[in-house]
Structures are given as C-alpha cells and as structure tokens.
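Peer 1: Provide a 3D model corresponding to the input given below.
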Amino acid sequence: MKKRLAILGSTGSIGTQTLDIISCYPDFFEAEVLTANNNAELLITQARKFNPNTVVIANEDKYLQVKEALSNLPIKVFAGNNSIANVVESDDVDIVIGAMVGFSGLIPIMHALEYGKKIALANKETLVVAGSLIKKLGEEKQITIIPVDSEHSAIFQCLAGEYKNEIDKLILTASGGPFRTKTREQIEKVTVKEALNHPNWTMGAKVTIDSATMMNKGLEVIEAHWLFDVPVSKIEVLVHPQSIVHSMVQFTDGSVKAQLGIPDMHLPIQYALTYPERLKIESDKLDFVKLSQLTFEKPDTNKFPCLALAYNAIEKGGNMPCVMNAANEIAVQYFLNEKTTFYGISKIIEETIQKVSFIKNPSINDLIASDTEAREVAKNIK
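Peer 2: A predicted model of the protein is given here:
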C-alpha cells in the first residue's frame, strides 16, 4: 500500500524535496495533505500537480486566493494554524513530515503523536522547546520519531542494531557556515547577503542564518539529547567543512561509527519515509577517490556565541530552551530585516534569557506563555 503523507511546510526546502521523492516513487508515496505558511502561489502549484485531499494555508488572508485557484479540483482548502493541527488527525494520513519552521511546528506534531501517526521530524524547535513532553508522548503512544535532519539521521543510522551498547558520546558535525575562517572583527561587519551564502547546503533563510551563527548546531545538540536519551555532556560538536561525515557515534569500547554521504537532504528525508528499508536515489554518490581531504576542528564559541548559549539553556533546563528559541526566532528576523547586526542576534538571545522567568517543569501552556513572553522581551531589546 502507498504511504499517505501529510507534509507540514510543503513549500519550504524539506517540503519541496519530499515532493521530489513522491515524484520519483509515486507507487510508494502520495501527498494526502500539503500545508504552507504564506507561500500561496507555490502551494497552489503543488496542489495542482500532486492532487492532495487537503491543503492548508496558515495565513488566513490568503485563504480565498487558494480556495478560488483550486475550486475546479476536489481538494479541501482550510486556513489557519489550528487547521494545520487538525488535519494531521485524519485516518487517511500515515506519516506526518514535520517541516514547518519555528515554534509553530510544535502543536501539529503533538496532535499527530496523540493520534498515533508516524513522525518524520525536520522541525528542530519541536524537541528544543518541548523535548520532555514530546518524548513522554512518544513513549505513551509507542511511536519512534524518525529524524530528518542530516545529523540526527546519521546518528539514527549509526545506532541501528546498537541500542544495547553503551554510548561514550555523540559527535555532531557542523559545516562551520560561511564565516568559519573569518575573525570576530570581520564577522561583526557581515551583511545579510553574506550570511545567506552557505557554502554547502541550500536551505530556507531562517535555517541558513542559524547555520551562520551556529545556533542550528546548538538546537541540534538539544534535539539529540531528547531523541537519543544521551546527556548533553556526552554530545560534542565538531566543525567539518566538507559536510561529508554527517555525524558519528563513539561507543565505550572506543570504536566510532559514522554516516557519510554527499550534502543532499533527499537521502535523510527518504530514509525517514522508508525506514527500516532503503530505496534507490538517482543522484550523485560519494566517490572516495575524488575526496581530497576530510578535516575536523573545534568550534570557536567566541566567534559563535549562540552555540554556547544553547548548551547553557539545555543545561539549565525547564523553559529556558523555549525562551532561547523564541528569542532566536525574533533576533534572526531582525537581522534579516537589517534591524540588528550579526552579533546582535546573540545579544538579543542572551538578554532575553536573563529577563524571562524560569519554570523548572513547564506544561505545554507554560511553554506557550514563555514563548509569547520571550518574543515580547526580545522585540524590546535594542
């Protein structure tokens, strides 16, 4: 039987690549639900091509545009974030691909877990903000969350058959972003255009800026902590500019397993959809003869303070990762809009963490309130 997919964030980088996979394997997968935040034009194009049962546009102002454009097709059209959360409950959905960016991806994933759906998770913020709640819900529903991030997919693959063996540490690799070789003084003056010019990966704007600040790696450390039940003290980050080794696991006997591949998100997306099986991908494969070198170096938290802020947030625990994430979303948007500097991002995050009240064991309502408070605090930091 075909696997019916709900792609939350179908117009983003992960969403569009998931649709590539459906195009390659129409006998294996079909798009049941497509959702977008604001890109009505692309959502309409996707709906016309893949003919899903349902589409949702989060921006309610664009509902009529989508509705009218698809009026000659048997496609249900809804709008608003609540609708995105509700559509994952459908019995016609087998797998939910969590590819929305930011805090908005949390509630739909919680709904999907509550209704027993298989989760292919690309949205870092779901576990960063509410890792303990998501982990508990997954255990109650006996659902394994399959990671889509290349780093977590790599670790997931390295741990296949190893769950009874003790882990010494997880090693998350980072490209280092576009400013790896620059000094702090040079980085202080970088432009938005320069920050969006990632050397290895093609991603959305927010994720690309997170990569430039190395906040993405901080988010991934927190995510790995919850996905693999490993203490943060045993999660290490290594800068690997070639982006060939996607991550590694070191076991207590000293052996290290690594997952390697070209920088292509189609592989981890497809693996999450087909796990535990693998399907062929018609793309370039890794050629070891052509590899000139694989290098690794320690990240510089003086140049990239966001990584240290993320470690501090998860070590403190409670609602602090949620506060950090909310502040980062505001700060990144400010930087993209040229309302703050590159290092203004880490300044906004750090000051927000200091100003928002700490909650040790937050409920989902506490997290929603903390997210709201942190955003307001962050917006008022100059």
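Peer 1: give the contact list for the residue lying farthest from the centre of the chain.
Peer 2: Most distant from the centre of the chain: Asn72, at 34.6 Å, with distances by C-alpha atoms, centre = their mean. Counting by C-beta atoms under 8 Å, 6 or more residues apart in numbering, Asn72 makes contact with nothing. For every residue, glycine as well, the C-beta is placed using N, CA and C.
Peer 1: Provide the secondary structure category for it.
Peer 2: With DSSP: H, G, I helix; E, B strand; the rest coil as the basis, Asn72 sits in coil.
Peer 1: do the same with Gly177
Peer 2: With three-state DSSP as the criterion, Gly177 reads coil.
Peer 1: What about the nearest residue to it once chain neighbours are set aside, how many residues nearby?
Peer 2: Counting by C-beta to C-beta, 6 or more residues apart in numbering, Ala212 is the residue found nearest to Gly177 once chain neighbours are left out, at 4.4 Å. Close neighbours of Ala212, defined as other C-beta atoms under 10 Å, add up to 29.
Peer 1: Remind me which helix or strand Ala212 belongs to.
Peer 2: helix 205-213 (DSSP states H and E).
Peer 1: Now do the buried residues in that helix.
Peer 2: By neighbour count on 16 or more other C-beta atoms under 10 Å, the buried set for helix 205-213 is Lys206, Val207, Thr208, Ile209, Asp210, Ser211, Ala212, Thr213.
Peer 1: Give me the distance between stretch 160-176 and the centre of its chain.
Peer 2: 19 Å (C-alpha atoms, centre = their mean, to the nearest Å).
Peer 1: tell me the pLDDT at Pro199?
Peer 2: Reported pLDDT at Pro199 in the predicted model: 79.
Peer 1: measure it to Lys298 for me?
Peer 2: 19 Å (C-beta to C-beta, to the nearest Å).
Peer 1: Looking only at neighbour counts, state which of the two leads.
Peer 2: Using other C-beta under 10 Å as the criterion, Pro199 and Lys298 rank with Pro199 on top: 15 against 9.
Peer 1: Pretty sure Ile84 sits against Leu8.
Peer 2: Yes - with contacts counted by C-beta atoms under 8 Å, Ile84 reaches Leu8, the gap being 6.3 Å.
Peer 1: Pull up the overlap in contacts between these two.
Peer 2: Common contact partners of Ile84 and Leu8 (C-beta under 8 Å, 6+ apart): Thr35, Met100, Pro108.
Peer 1: Out of those residues, list just those in helices.
Peer 2: Of these, the ones assigned to helices by DSSP state H are Pro108.
Peer 1: wait, which of the shared contacts of Ile84 and Leu8 is closest to Gly218?
Peer 2: Within the shared contacts of Ile84 and Leu8, the smallest distance to Gly218 is 19.6 Å, found for Met100 (C-beta to C-beta).
Peer 1: What ranges does the stretch 1-150 of the chain have for its strands?
Peer 2: 3-8, 29-36, 54-57, 76-79, 95-98, 118-121, 146-147 (DSSP state E, counting those that start in this stretch).
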